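Undergrad: Curious how this folds, go ahead:
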Amino acid sequence: AIAHGETFHYNWEINEQPGTYWYHTHDRNLEFSGQDFVRGPLIIHESDSNLTLPSESAEPQDSYIVGNERILIFLDVYPNYVGYDLPLVRGGSDGVVFAGDSIEGHGIGSGVFAWTIGVLNGEVKHAIEVENGEYRFRIINGGSQTAYFFSIDGYKLTVVASDAYPVEPYETDVIQIHIAERYDVKVTFNIDTPTENVWIRALTPSEQNYNDTAPVNPNKGVLGILRIRQDDSVPFDKEDPPNKDQRVNMEAAKILNCEYLDKPQYNCKPVTDLVPAVKRDLLDSFEYHTVDILEDGSFFMSLDSGTFTQNLIPQEAIILKSKENVPIPNTNILTLPTEKSITIVLRTTSMMPHPMHLHGHHFEILDIAVRANPNCTKTAASGKEYTRCPLLDLNTAFSEPIEQLMRRPRQGVLKDTVILPAGGAVALRINSDNPGVWFLHCHIHVHLLDGLALALNEQDFMYSVREVGLPQGYPSCHYRGELQYLRTATCDCKRVLNWDGEEIDAQCSQPILCDVVG
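TA: Residues are numbered from 1 along each chain as shown. Model prediction:
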């Protein structure tokens with residue numbers, strides 16, 4: 001954390017897989033959705049040979065251009081903190097109504113909240129310029145709330161990497177890209193006219209964009225302009241492309257990363273169709289853990305069949321033991337041994353997909369399971385109707401029982417973000433060879449604040465304050481304003497219902513929930 005008026009220079013040795021990354025904040029104390037403004041691309045190249053970088057005097061947008069590479073980062077902006085973020089982080093999303101995009105039917109949509117504006121590379125209707133030849137587009141969903149269906153009018157996309165890791169070339173028409181996901185695609189241009197302008201589309205998965213009868217609404221998403229010319233002897237055409245309101249023909253398109261959509265007429269392909277181009281060895285010992293997610297107003301997690309707990313993001317570092325040497329209350333921590341191939345199974349009752357992101361590791365996606373019942377609507381004993389899916393069975397949800405799946409020799413695509421389907425499950429495998437405390441959380445910002453998160457504690461990494469050894473000049477965090485979330489209220493919740501409409505024991509962390517039910 002860097003307090004107001006302080007600066008800190010981060011210098012570190014890069015020892016990561018070359019590829020497309022991004023930087024961003026995780027903060028619950030900013031008064032106006034500040035997470036929307038402190039974020040940007042972070043690209044790691046294999047070497048600096050033949051790497052032409054823009055000069056220090058160049059325009060900021062020039063940093064998004066490196067040779068025949070173009071960086072595209074999409075952001076959604078929500079500056080209305082009081083009317084938007086605050087009600088959510090003070091007790092859950094139930095009862096808070098938003099205009100604009102809504103969940104598309106039975107939990108199959110990914111864009112759910114109204115936004116103020118969406119931008120590409122910091123601009124509305126940003127223009128990207130290319131010439132005939134092959135280009136690499138590094139696409140980043142750097143937003144806070146919604147997924148996008150990404151496409152370029154009239155052009156195929158050849159996927160060559162996902163979340164920094166290379167994959168065997170995979171051709172598609174459309175890619176669904178959720179928050180924190182990154183896809184590298186190659187596109188070849190060979191126009192026979194002097195210039196051509198087409199739309200870059202990143203539209204939200206809402207009925208107003210993809211219902212077969214509703215008129216398309218290009219404002220439900222982000223539009224960019226791709227300007228193409230044969231060579232530098234021809235000036236770029238500065239006019240907008242035609243057909244702004246043209247619908248992407250989703251029934252004719254091949255769509256990657258949307259297998260959970262309840263749209264049988266779509267040619268949806270799972271992200272597990274991607275074949276990793278980089279292999280890694282499995283370790284000799286295997287085990288699995290379950291992370292079960294319950295949504296009932298707020299989000300609760302059960303680790304290895306334990307108590308459902310609404311995760312609390314503490315005000316102190318998780319790696320520091322308290323004076324009493326006890327864990328921080330209501331902070332979900334899953335302790336993992338080292339030097340094992342560990343499969344983590346995420347299962348959810350939520351009727352909304354969630355982009356789950358892991359720090360400190362790239363995981364293999366072994367399998368993705370969608371819910372068996374597309375509706376999951378039930379009636380509680382009180383007579384109130386509610387929608388909540390049961391947790392999928394570990395032995396029948398996936399292509400093989402979990403005890404076999406976790407030992408599968410064939411490697412899945414390597415990523416650090418995966419879409420957990422509504423009412424579904426994912427099986428993720430890591431090698432526990434990186435001791436530390438690593439955050440695993442939903443990257444929809446308000447869900448993270450509302451409890452949909454945990455920490456993986458690899459090799460019991462906690463230690464005392466005296467052993468930390470923070471670098472000289474590390475920010476003091478002596479913030480002079482009023483921090484809004486210093487209270488760490490925890491309590492036993494009441495009236496939390498499971499997928500069968502039964503009250504269960506659960507732990508709450510949001511102050512308003514404890515004030516009301518404690």
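
Undergrad: residue contacts, the residue lying closest to Tyr260 once chain neighbours are set aside?
TA: Take Tyr260 and drop its neighbours on the chain: the residue closest to it by C-beta to C-beta, 6 or more residues apart in numbering is Pro421, 3.6 Å away. Backbone N, C-alpha and C define where each C-beta goes, glycine included. For Pro421, the contacting residues are Glu259, Tyr260, Thr348, Pro353, Ile368, Ala369, Val370, Arg371, by C-beta atoms under 8 Å, 6 or more residues apart in numbering.

Undergrad: Ok, Val370 next?
TA: Glu259, Tyr260, Pro421, Gly423, Gly424.

Undergrad: which of these has the most neighbours?
TA: Within the contacts of Val370, Gly423 tops the neighbour count with 30 neighbours, counted by other C-beta atoms under 10 Å.

Undergrad: isn't that one right up against Thr349?
TA: Yes. With contact defined as C-beta atoms under 8 Å, Gly423 counts as touching Thr349 (6.7 Å).

Undergrad: Just the strands from the stretch 251-400 of the chain, written as ranges.
TA: For the stretch 251-400 of the chain, the strands defined by DSSP state E, counting those that start in this stretch cover 254-256, 267-269, 286-296, 298-303, 308-309, 333-336, 341-348, 354-358, 363-369, 377-379, 385-387.

Undergrad: anything in contact with each of Gly423 and Thr349?
TA: By C-beta under 8 Å, 6+ apart, the residues touching both Gly423 and Thr349 are Cys389.

Undergrad: all helices for the stretch 351-500 of the chain, in order.
TA: Applying DSSP state H, counting those that start in this stretch to the stretch 351-500 of the chain gives helices spanning 402-405, 445-449.

Undergrad: Just send those back as a markdown table, with mean neighbour count and distance to Phe300 too.
TA: Formatted as a markdown table, the helices of the stretch 351-500 of the chain follow (neighbours: other C-beta atoms under 10 Å; distance: least, C-beta to C-beta, whole Å):
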| stretch | mean neighbour count | distance to Phe300 |
| --- | --- | --- |
| helix 402-405 | 16 | 22 |
| helix 445-449 | 24 | 12 |
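
Undergrad: Mind putting the ones you listed into TSV with distance to Asp460?
TA: Below are the helices of the stretch 351-500 of the chain laid out as TSV (distance: least, C-beta to C-beta, whole Å):
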stretch	distance to Asp460
helix 402-405	25
helix 445-449	24
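
Undergrad: okay, these in a markdown table with mean pLDDT next?
TA: Below are the helices of the stretch 351-500 of the chain laid out as a markdown table (pLDDT from 0 to 100):
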| stretch | mean pLDDT |
| --- | --- |
| helix 402-405 | 97 |
| helix 445-449 | 82 |
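
Undergrad: Out of these, which gets nearest to Phe74?
TA: helix 445-449 (14.8 Å; C-beta to C-beta).

Undergrad: got a list of what His126 touches?
TA: Contacts of His126 by C-beta under 8 Å, 6+ apart are Gln61, Val119, Leu120, Gly224, Ile225.

Undergrad: pretty sure the second one contacts Leu72?
TA: This means Val119. No. Taking contacts as C-beta under 8 Å, Val119 lies outside contact range of Leu72: 10.9 Å.

Undergrad: Counting neighbours, go ahead and name the busier of the two.
TA: Leu72 (25 against 19).

Undergrad: Which residue is the nearest non-sequential neighbour of the more buried one?
TA: Ile139 (4.9 Å).

Undergrad: What is the neighbour count of the residue lying closest to Asp505 once chain neighbours are set aside?
TA: Distance criterion C-beta to C-beta, 6+ apart; nearest residue to Asp505, sequence neighbours excluded, is Thr307 at 6.0 Å. Neighbour count for Thr307, taken as other C-beta under 10 Å: 15.

Undergrad: measure Thr307 to Leu448 for me?
TA: 20 Å (C-beta to C-beta, to the nearest Å).

Undergrad: related to what we said a few turns ago, which of the three states applies to the residue nearest to Leu72?
TA: strand (DSSP: H, G, I helix; E, B strand; the rest coil).
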